[in-house]
Structures are given as structure tokens and as C-alpha cells.
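Asks: sequence first, predicted model second:
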Amino acid sequence: MMNMRVETLRGLACVLLVLYHVIGIDSSTGMRVEDGPVRWLNDGLAYLRMPLFTFLSGLVYGLRPLAGNSRAFLVGKVRRLLIPMLVVGTLFALMQSWKLGANATLGPWYLLHVLPVAHFWFLESLFWVFLLIWSLERSNLIGQAKGFLLVFVLACALYLNVGGWHWFSIVGAIYLLPYFLFGLAFSRFPLDAQLASPWVRFGLLALAALAVVSMGMPVVNQDRRTLATLVAGLSLCALSLSLRMVVSWLARIGPYSYAIYLFHIFFTAPARIGLHALGINSLPLHIFPGLMMGLAGPIVLDRVASGTSWTALLLLGKSVKRSDGLNASTPVFPRAH
């Protein structure tokens, strides 16, 4: 049942991510929505979107942690994260340079991926997180509750106090680390059982609501490195898990979360361009087609690319030696080996 709950949450995270880019990061991207309830909701979900992806990555890593083979672990992370980041991220940069209706700009080409490209920053940041986790596991610093708690507190302190370091998306790793560790804690220690209490759920909801209200929502592109945003993100992740949701159609999307993360933008942008070409400019009429294209397109691409070893490697980071199909037991992004 835990497996279906995780798959459901992975599917939910994918839906939120695709909607985010269909609507637009701000008034200059996507549907260029400037103000109103849709804009506020899209901005407000920032407290859940990437924290939830990262929380689930940590939770599932904890189900299949480092088992002693460091070389296999690190090579697996390079294959699963960095190869698709370089290949698919560069394809995305080329698409942006051709300006085929895609409203975004890039930095100098010689700094491509040194300065992260669009949403592919997450893959680079997650690689640094796994590298740190590997080091902590090897040092046996997070195997017991006391050591784990100390590392978690230090990660939160880094989150709140250390900025900059945009090169190689190190700043993104600092942002993700508390959420990854929080997810790992739920699979490493008996925390999930505590979430069954209605009072715990109410407390998490109240904590998240107070944190959001304290920031004076709605706030466009708010600073995400504050105590309030951290509390909101952690509370909402735990609350999402505590609800024990099992939604079949979301669970069917979940195994393709990696492909959706990598490729959704290649499908949402053409959907928007095509609808504009037909004279359809209404936001409601863009949301459903954009969402469907952003979900279905990557799923089809995953199935096609997985049929050939080299396309599976270059586009999805799967091993050329064997099938690495994304199924119900696959982590949110990379496997642990």
C-alpha cells in the first residue's frame, strides 16, 4: 500500500509541475498570466511542488539505500541524472535558441550547464545531494536517529543562511537537502505510523497555513529560503503522505515521473503554440490540452526510447546493459545503484 501511496504522490507532483509550466512561471512565460486566482495558486504551490519531488526522492532512496558498492552507486547517479541532464538539457537549450514560440532566454553557450539550464537544475542539484548522502552513509553519520537529527538541523541551517553558488546548481542542492533528508527520515525511522492520527494531520495543516499566512500570500516569486517557506514545505510534504491517498490514475502516471520531468516542456510549448495559431487564447482552453500533452507525450516517449539501449541511456539514463524500466518500484528519479 505504501508503494501505491508513493506512486500517487509522484503522479500528483507531475501534474503540479506540468500545470506550473502551462500557466507560466511568471507573467513573461507560459500563458503570461499576470494576476488573479490562477496566478496566486500557481505561485502558492511552490511550497509543495519541488519539495514534494525531493521528499519522495529521499523517501524512496531510503527503501533501497546504499548497500556498500560505492562505485555502482556513484556511476548509477552519473548515468541516471547527469547524462540526461546534458543531453536533454542541451536539446532544450537548442530549442530555446531557435525561439520556436518558447518564451525564455539562456546565458552564454560556453557556460551551458555550468549555469543550470531551466528546470534541469534539479537533476544537477540532486546529484550533489546524492553525493553528500553517499559520504554521510559511508561515514555512518545518518544511520541512527541522533546523528540523523544533527545532520538535518545543519541542512536546515544551510538552507536558511547560505546563498549564491549558482554555478553547477550547488545553491539548488542546498535548497533541496532538507526535503530529501525529511523524506529519508520517513523510510528510515518509524515516523509514518505517527501520521495516522487526525490530530497530527490537523497540526501539520495548521502549521503550513500559519507559515503561508505569515508570508502574506499571495506573493509572486517570493524568497523560498526563509524559515516560513521551509516550515510550509516540510509540513505540506508530511501532510501529503499522511493522507494516504491512493488514486489509480495518478498512480499510473507516477512510474513515468522522470520522463515527465525531463520532457514535459517539449510538449506543453507546442500545445500552446498550436492553440495560439488556431486563435485560441483562453487560459481555461489551454490548461487541459497543455496538461494532457505534458503528461502523455513523455510517457509515450519513455516507452519508445526504452526500446533501444542507447536512447534509453542518453534520454532517460537507463543502463545499456539491461532494462531499467520505470515501474512501481522505481524511485522518483534515480535508482539507488
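Replies: Cool, the structure landed.

Asks: excluding its backbone neighbours, what's nearest D302?
Replies: Using C-beta to C-beta, 6 or more residues apart in numbering and skipping residues adjacent in sequence, the residue nearest D302 is A259, 3.8 Å away. All C-beta atoms are positioned from the backbone trio N, CA, C, and that covers glycine.

Asks: contacting residues around the one you found?
Replies: By C-beta atoms under 8 Å, 6 or more residues apart in numbering, the residues touching A259 are P298, I299, L301, D302, L316, L326.

Asks: one more: V22?
Replies: Contact analysis of V22 by C-beta under 8 Å, 6+ apart lists G30, M31, T268, A271, R272, H286, I287, G290, L291, G294.

Asks: what's the burial count for the fourth one?
Replies: Other residues within reach of A271, judged by other C-beta atoms under 10 Å, total 19.

Asks: list the contacts for the residue nearest to L195 when sequence neighbours are not counted?
Replies: Leaving aside its sequence neighbours, L195 sits nearest to S242 (C-beta to C-beta, 6+ apart; 3.5 Å). Contacts for S242 were tallied using C-beta under 8 Å, 6+ apart; they are L195, A196, V200, R201, L204.

Asks: burial measure for the second one, as a count.
Replies: Translated: A196. Each residue near A196 was counted by other C-beta under 10 Å, and the total is 10.

Asks: leaving out chain neighbours, which residue sits closest to it?
Replies: Using C-beta to C-beta, 6+ apart and skipping residues adjacent in sequence, the residue nearest A196 is S242, 7.4 Å away.

Asks: cool, and the fourth one?
Replies: Distances taken as C-beta to C-beta, 6+ apart place S242 nearest to R201, at 5.0 Å, with adjacent residues excluded.

Asks: tell me how many other residues crowd K318.
Replies: Under the criterion other C-beta under 10 Å, the count of neighbours that K318 has is 25.

Asks: then I174?
Replies: The burial metric for I174, expressed as a neighbour count using other C-beta under 10 Å, is 22.

Asks: what's the first helix or strand after the host helix or strand of it?
Replies: Here I174, judged by DSSP states H and E, is contained in helix 170-188. Heading C-terminal from helix 170-188, the first helix or strand you meet, by DSSP H and E, is helix 198-214.

Asks: mind giving me the packing neighbours of the helix holding I174?
Replies: Judged by 3 or more C-beta pairs under 8 Å, 6 or more residues apart in numbering; DSSP states H and E, helix 170-188 is in contact with helix 49-63, helix 121-138, helix 145-161, helix 227-242.

Asks: which stretch among those approaches T311 most closely?
Replies: Proximity of the helices and strands packed on helix 170-188 to T311 was assessed by C-beta to C-beta; the nearest stretch is helix 121-138, lying at 17.8 Å.

Asks: any buried residues in that closest one, and which?
Replies: Buried residues in helix 121-138, counted by 16 or more other C-beta atoms under 10 Å: 121-130, 132-133, 136-137.

Asks: ditto for stretch 281-292
Replies: Judged by neighbour count (16+ other C-beta under 10 Å), stretch 281-292 contains these buried residues: L283, H286, I287, P289, G290, L291.

Asks: contact partners of that stretch?
Replies: For stretch 281-292, the surrounding residues in contact (C-beta under 8 Å, 6+ apart) are 15, 18-19, 22-23, 31, 33, 38, 268, 271-272, 275, 280.

Asks: and if you look at stretch 156-170?
Replies: Looking at stretch 156-170 with C-beta under 8 Å, 6+ apart, the contacting residues turn out to be 114-116, 121-122, 124-125, 128, 171, 174-175, 177-178, 225-227, 230.

Asks: please apply the same query to stretch 263-273.
Replies: With contact meaning C-beta under 8 Å, 6+ apart, stretch 263-273 is reached by 14, 17-18, 21-22, 30-31, 88, 91-92, 95, 100-102, 118-119, 286, 289-290, 293-298, 301.

Asks: for that stretch, what is the average pLDDT?
Replies: On average, the pLDDT along stretch 263-273 is 87.

Asks: what are the buried residues along that stretch?
Replies: Neighbour-count burial for stretch 263-273, counted by 16+ other C-beta under 10 Å, picks out F263, H264, I265, F266, F267, T268, A269, P270, A271, R272.
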